[in-house]
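> everything below, folded, please.
(chains A, B and C)
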Amino acid sequence: MEQEDSFAMRVWQIVAAIPEGCVTTYGEVARLAGSPRAARQVGGVLRRLPQGSTLPWHRVVNRHGGISLTGPDLQRQRQALLSEGVQVSGKGLIDMARYRWRY
DNA sequence: CACGTGACCGATT
DNA sequence: AAATCGGCCACGT
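Model (predicted):
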(Lines give C-alpha, C1' and ligand atoms only; values in the text may rest on other atoms or scores of the structure.)
Protein backbone atom coordinates (compact mmCIF):
# COMPACT_ATOMS: atom_id res chain seq x y z
CA MET A 1 0.00 0.00 0.00
CA GLU A 2 1.75 3.18 -1.15
CA GLN A 3 1.44 6.28 0.99
CA GLU A 4 1.09 9.78 -0.46
CA ASP A 5 3.55 12.31 0.94
CA SER A 6 2.31 14.79 3.51
CA PHE A 7 2.54 17.73 1.12
CA ALA A 8 -0.02 16.19 -1.22
CA MET A 9 -2.28 15.31 1.70
CA ARG A 10 -2.19 18.87 2.98
CA VAL A 11 -3.01 20.16 -0.48
CA TRP A 12 -6.03 17.87 -0.63
CA GLN A 13 -7.22 19.04 2.77
CA ILE A 14 -6.84 22.71 1.92
CA VAL A 15 -8.48 22.47 -1.49
CA ALA A 16 -11.33 20.49 0.05
CA ALA A 17 -11.96 23.46 2.37
CA ILE A 18 -12.48 26.03 -0.40
CA PRO A 19 -16.17 26.96 -0.25
CA GLU A 20 -18.43 26.59 -3.25
CA GLY A 21 -18.55 29.74 -5.34
CA CYS A 22 -15.06 30.85 -4.29
CA VAL A 23 -11.56 30.45 -5.74
CA THR A 24 -7.99 30.69 -4.51
CA THR A 25 -4.54 30.56 -6.08
CA TYR A 26 -1.87 27.88 -6.37
CA GLY A 27 0.48 30.09 -4.38
CA GLU A 28 -2.02 30.52 -1.56
CA VAL A 29 -2.57 26.78 -1.30
CA ALA A 30 1.20 26.31 -1.21
CA ARG A 31 1.51 28.85 1.62
CA LEU A 32 -1.22 27.23 3.66
CA ALA A 33 0.43 23.86 3.08
CA GLY A 34 3.64 25.20 4.62
CA SER A 35 5.72 25.47 1.42
CA PRO A 36 5.33 29.06 0.21
CA ARG A 37 7.47 28.49 -2.90
CA ALA A 38 5.88 25.23 -4.01
CA ALA A 39 3.06 26.62 -6.13
CA ARG A 40 4.11 24.47 -9.08
CA GLN A 41 3.89 21.38 -6.96
CA VAL A 42 0.32 22.25 -6.08
CA GLY A 43 -0.48 22.12 -9.77
CA GLY A 44 1.30 18.79 -9.96
CA VAL A 45 -0.76 17.35 -7.12
CA LEU A 46 -4.02 18.47 -8.69
CA ARG A 47 -3.04 17.15 -12.09
CA ARG A 48 -2.46 13.71 -10.61
CA LEU A 49 -5.79 13.45 -8.81
CA PRO A 50 -7.46 10.10 -9.42
CA GLN A 51 -10.40 10.22 -11.77
CA GLY A 52 -13.69 10.53 -9.97
CA SER A 53 -12.17 12.53 -7.12
CA THR A 54 -14.67 14.81 -5.42
CA LEU A 55 -11.99 17.39 -4.65
CA PRO A 56 -13.00 20.84 -6.01
CA TRP A 57 -9.75 21.31 -7.96
CA HIS A 58 -11.49 23.75 -10.31
CA ARG A 59 -11.50 26.38 -7.54
CA VAL A 60 -7.73 26.82 -7.87
CA VAL A 61 -6.45 29.34 -10.43
CA ASN A 62 -3.24 31.26 -11.06
CA ARG A 63 -2.22 34.56 -9.47
CA HIS A 64 -3.93 36.62 -12.18
CA GLY A 65 -7.23 34.92 -11.57
CA GLY A 66 -6.76 33.03 -14.83
CA ILE A 67 -7.24 29.36 -15.63
CA SER A 68 -3.87 27.75 -16.23
CA LEU A 69 -5.17 24.70 -18.04
CA THR A 70 -5.40 24.68 -21.84
CA GLY A 71 -7.72 23.35 -24.51
CA PRO A 72 -10.68 21.20 -23.46
CA ASP A 73 -9.48 21.10 -19.85
CA LEU A 74 -9.75 24.88 -19.69
CA GLN A 75 -13.33 24.72 -20.91
CA ARG A 76 -14.16 22.06 -18.33
CA GLN A 77 -12.82 24.14 -15.47
CA ARG A 78 -14.65 27.23 -16.74
CA GLN A 79 -17.90 25.32 -16.96
CA ALA A 80 -17.46 23.92 -13.44
CA LEU A 81 -16.95 27.44 -12.08
CA LEU A 82 -19.83 28.95 -14.02
CA SER A 83 -22.17 26.25 -12.80
CA GLU A 84 -21.49 27.22 -9.19
CA GLY A 85 -21.93 30.94 -9.77
CA VAL A 86 -18.38 32.16 -10.42
CA GLN A 87 -18.36 34.54 -13.38
CA VAL A 88 -15.58 33.82 -15.88
CA SER A 89 -14.82 36.15 -18.76
CA GLY A 90 -14.51 34.92 -22.32
CA LYS A 91 -10.75 34.87 -21.89
CA GLY A 92 -11.00 32.71 -18.79
CA LEU A 93 -10.38 35.51 -16.29
CA ILE A 94 -12.01 35.73 -12.88
CA ASP A 95 -12.57 38.83 -10.75
CA MET A 96 -10.39 37.87 -7.79
CA ALA A 97 -11.41 40.88 -5.71
CA ARG A 98 -14.85 39.40 -5.72
CA TYR A 99 -14.36 35.63 -5.52
CA ARG A 100 -11.02 35.13 -3.73
CA TRP A 101 -11.30 32.89 -0.70
CA ARG A 102 -9.56 34.12 2.47
CA TYR A 103 -8.58 31.47 4.96
C1' DC B 1 24.44 12.70 -10.42
C1' DA B 2 22.90 16.25 -14.49
C1' DC B 3 19.31 17.93 -16.89
C1' DG B 4 14.62 18.96 -18.56
C1' DT B 5 9.84 19.84 -17.38
C1' DG B 6 5.67 22.14 -15.43
C1' DA B 7 -2.34 23.30 -13.79
C1' DC B 8 3.49 28.90 -10.57
C1' DC B 9 5.18 33.48 -8.54
C1' DG B 10 7.46 38.01 -7.58
C1' DA B 11 10.33 41.52 -9.17
C1' DT B 12 12.05 43.91 -12.91
C1' DT B 13 12.11 45.90 -17.34
C1' DA C 1 -0.19 46.89 -18.52
C1' DA C 2 2.38 43.23 -20.70
C1' DA C 3 6.49 40.65 -21.50
C1' DT C 4 10.82 38.77 -19.63
C1' DC C 5 13.78 36.70 -16.08
C1' DG C 6 15.12 34.09 -12.23
C1' DG C 7 13.83 31.25 -8.61
C1' DC C 8 11.29 27.48 -6.85
C1' DC C 9 10.71 22.24 -5.96
C1' DA C 10 9.05 17.53 -6.84
C1' DC C 11 9.59 14.15 -10.68
C1' DG C 12 11.07 11.72 -14.59
C1' DT C 13 14.90 10.26 -17.80
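> where does chain A come near DNA strand C, residue by residue?
A:5, A:7, A:8, A:35, A:37, A:38, A:39, A:40, A:41, A:44 (Cβ under 7 Å from any atom of the strand). No exception for glycine: its C-beta is placed from N, CA and C like everyone else's.
> ok, of these, which come out buried?
Buried by 16 or more other Cβ atoms under 10 Å: A:7, A:8, A:38, A:39, A:41, out of the residues of chain A next to DNA strand C.
> which parts of chain A are strands?
Listed in chain order, the strands of chain A (DSSP state E) span A:24-25, A:60-61.
> between the ones you listed, which gets nearest to residue A:80?
Nearest of the strands of chain A to residue A:80, taken as Cβ to Cβ: strand A:60-61 at 11.3 Å.
> so where's chain A shaky on pLDDT?
Where chain A drops to pLDDT under 70, the residues are A:1-3.
> who in it is up against DNA strand B?
Residues of chain A found near DNA strand B (Cβ under 7 Å from any atom of the strand) are A:25-28, A:30, A:39-44, A:46-47, A:49, A:57-58, A:60, A:62-64, A:68-69, A:77.
> let's see 6 Å
Residues of chain A lying near DNA strand B by Cβ under 6 Å from any atom of the strand: A:25-27, A:39-41, A:43, A:46-47, A:49, A:57, A:60, A:62-63, A:68-69.
> tell me the two of those residues that are most distant?
Longest span within the residues of chain A next to DNA strand B, Cβ to Cβ: A:49 and A:63, 21.3 Å.
> count residues in the vicinity of the residue lying closest to residue A:57 once chain neighbours are set aside, would you?
Closest residue in space to residue A:57, ignoring its immediate chain neighbours: residue A:46 at 4.6 Å, by Cβ to Cβ, 6 or more residues apart in numbering. Using other Cβ atoms under 10 Å, the number of residues around residue A:46 comes to 21.
> ok so, going back, just the ones of the residues of chain A next to DNA strand C in helices?
Of the positions in these, A:7, A:8, A:39, A:40, A:41, A:44 sit in helices, assigned by DSSP state H.
> noted, bye for now.
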